[in-house]
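Q: Mind folding the following:
(chains A and B)
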Amino acid sequence: DAKTTQPNSMESNEEEPVHLPCNHSTISGTDYIHWYRQLPSQGPEYVIHGLTSNVNNRMASLAIAEDRKSSTLILHRATLRDAAVYYCILRDGRNSGAGSYQLTFGKGTKLSVIP
Amino acid sequence: DAGVIQSPRHEVTEMGQEVTLRCKPISGHNSLFWYRQTMMRGLELLIYFNNNVPIDDSGMPEDRFSAKMPNASFSTLKIQPSEPRDSAVYFCASSLAVISGYTFGSGTRLTVV
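A: Numbers count the residues shown, from 1 in each chain, chains lettered A, B, ... in the order given. The predicted structure is shown next:
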């Protein structure tokens, strides 16, 4: 899997928007951009994914740069429950025939939310 | 759906004992993954299955680790014999064989003393 770079940590005030950046300058044309988060003492949780266009769901928005070399996860109003480690991961979208859909997690960004 | 179900939630065992971790994936998902998480190494993929067949076990640390998926609704990860350095949280995840999200279980916290 291609590599991603994220800041180690970020802080946000409660009820304010949060923009979590991710750089992936070596992304290939078939790589999807996935975001997961892991709350304390829980398993990782899927947040959102996209290929080229910006994506929105009930949890967050994903803004993808035109050249696809970076992306930003946007939490529109941070709550205390959003305090977690956020992982940006590239996942190859090609069907290899054997079904190779593995995710490789990096260190992620630890988001702290200040009341 | 109850999600991915792992058991036990916690396991404490003595060095040298056999440990078996269990996972029930989401019905209809045909890819299953075993991860291990430690403070030092983060989340590591150990092995994954597609349609019950092991596809890549290159992340399995040693021959002491083995995993099976006898049917679409059950998988086990076995460590025999266990060692203190195997202490970690072990996660199971499942997904559809298309570009979609993984669903992770709540994990098994293993402590080997």
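
Q: wait, residue A:16 sits on residue A:75?
A: No: Residue A:16 is not in contact with residue A:75 according to C-beta atoms under 8 Å; the separation is 9.2 Å. All C-beta spots, glycine's among them, are computed from the backbone N, C-alpha and C.

Q: Please point out which parts of stretch A:16-36 sit buried.
A: A:18, A:20, A:22, A:23, A:24, A:27, A:31, A:32, A:33, A:34, A:35, A:36 (16 or more other C-beta atoms under 10 Å in any protein chain shown).

Q: give me the subset of the residues you listed touching chain B.
A: Among the buried residues of stretch A:16-36, the ones lying near chain B by C-beta under 8 Å from any C-beta of the partner chain are A:32, A:34, A:36.

Q: Chain B: which of the buried residues of stretch A:16-36 is nearest?
A: residue A:32 (5.3 Å; C-beta to the nearest C-beta).

Q: quick one: contacts for that closest one?
A: Under the criterion of C-beta atoms under 8 Å, 6 or more residues apart in numbering or on different chains, the contact partners of residue A:32 comprise A:49, A:50, A:51, A:90, A:91, A:92, A:93, B:99.

Q: List the contacts of the helix or strand containing residue B:47.
A: Using DSSP states H and E, residue B:47 sits within strand B:42-50. For strand B:42-50, the surrounding residues in contact (C-beta under 8 Å, 6+ apart) are A:44, A:98-107, B:30-37, B:54-57, B:59-61, B:65, B:67, B:69, B:75, B:77, B:91, B:97.

Q: tell me which residues in that strand are buried?
A: Those would be B:43, B:45, B:46, B:47, B:48, B:49, B:50, for strand B:42-50 by 16+ other C-beta under 10 Å.

Q: a markdown table for the residues you listed, including pLDDT?
A: Formatted as a markdown table, the buried residues of strand B:42-50 follow (pLDDT from 0 to 100):
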| residue | pLDDT |
| --- | --- |
| B:43 | 94 |
| B:45 | 93 |
| B:46 | 95 |
| B:47 | 94 |
| B:48 | 91 |
| B:49 | 92 |
| B:50 | 89 |
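
Q: ok, those vs residue B:112, which is closest?
A: Checking these against residue B:112 with C-beta to C-beta, the nearest one is residue B:46 at 16.1 Å.

Q: how far away is the closest residue to residue A:3 other than its chain neighbours from residue B:70?
A: Distances taken as C-beta to C-beta, 6 or more residues apart in numbering or on different chains place residue A:26 nearest to residue A:3, at 6.3 Å, with adjacent residues excluded. Noted for residue A:26: a distance of 39 Å to residue B:70, by C-beta to C-beta, to the nearest Å.

Q: do the same with residue B:79
A: Taking C-beta to C-beta, one finds residue B:79 at 18 Å from residue B:70.
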